[in-house]
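*Asks:* sequence and predicted structure, then a few things I'm wondering about:
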Amino acid sequence: MVARKVAKKTVKKKRKAPELAIIPAGAIENLIFEIRGVKVMVDADLAAIYGTDTRSLKQQVKRNPKRFPSDFKFELTKEEFERLFEISPRLVSLRFSKVAPMVFTE
């Protein structure tokens, strides 16, 4: 008797459409900082708005460089990183991150 390999059918799961939420303009304005003379938003805040985690956002940025050109994003220096915590105490949890936060321009 000859054993045959049987191809398993892969079932694609449909992704659930993300729920849309209306975010007040004032809430967004509080998330914008000026660094290097440019208005930016920290990766953690942007990920929260889009309903994902920071790691996934950074992963997408690395995988899709055409969608995220260098003038659209940059990583903070250590000095900028420390200054950011002085400006906004709500970001203190990022202080213990091994990776410097990435910021995105408007």
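*Replies:* Happy to help now that I have it.
*Asks:* contact partners for the spatially closest residue to residue 76 that is not a sequence neighbour?
*Replies:* Counting by CB to CB, 6 or more residues apart in numbering, residue 100 is the residue found nearest to residue 76 once chain neighbours are left out, at 5.2 Å. Placement of C-beta: from N, CA and C, glycine included. Applying CB atoms under 8 Å, 6 or more residues apart in numbering to residue 100 gives the contacts 75, 76, 77, 78, 81.
*Asks:* what do you get for residue 91?
*Replies:* 42, 44, 84, 85.
*Asks:* sorry, back to before: neighbour-wise, which of the contacts of residue 100 leads?
*Replies:* In terms of neighbour count, residue 76 stands highest of the contacts of residue 100 at 20 neighbours, by other CB atoms under 10 Å.
*Asks:* against residue 86, how distant is it?
*Replies:* 13 Å (CB to CB, to the nearest Å).
*Asks:* so which of the contacts of residue 100 belong to strands?
*Replies:* residue 75 (DSSP state E).
*Asks:* which of the contacts of residue 100 sit farthest apart?
*Replies:* Using CB to CB, those reach their maximum pairwise distance at 75 and 78, which is 10.4 Å.
*Asks:* end-to-end on stretch 29-40?
*Replies:* The first residue of stretch 29-40 is 10 Å away from its last residue (CA to CA, to the nearest Å).
*Asks:* likewise stretch 48-59?
*Replies:* 15 Å.
*Asks:* before we move on, what about stretch 78-96?
*Replies:* Across stretch 78-96, first to last residue, CA to CA, it's 12 Å.
*Asks:* next, the buried residues of it.
*Replies:* Within stretch 78-96, the residues that qualify as buried are 80, 81, 84, 91, 94, counting by 16 or more other CB atoms under 10 Å.
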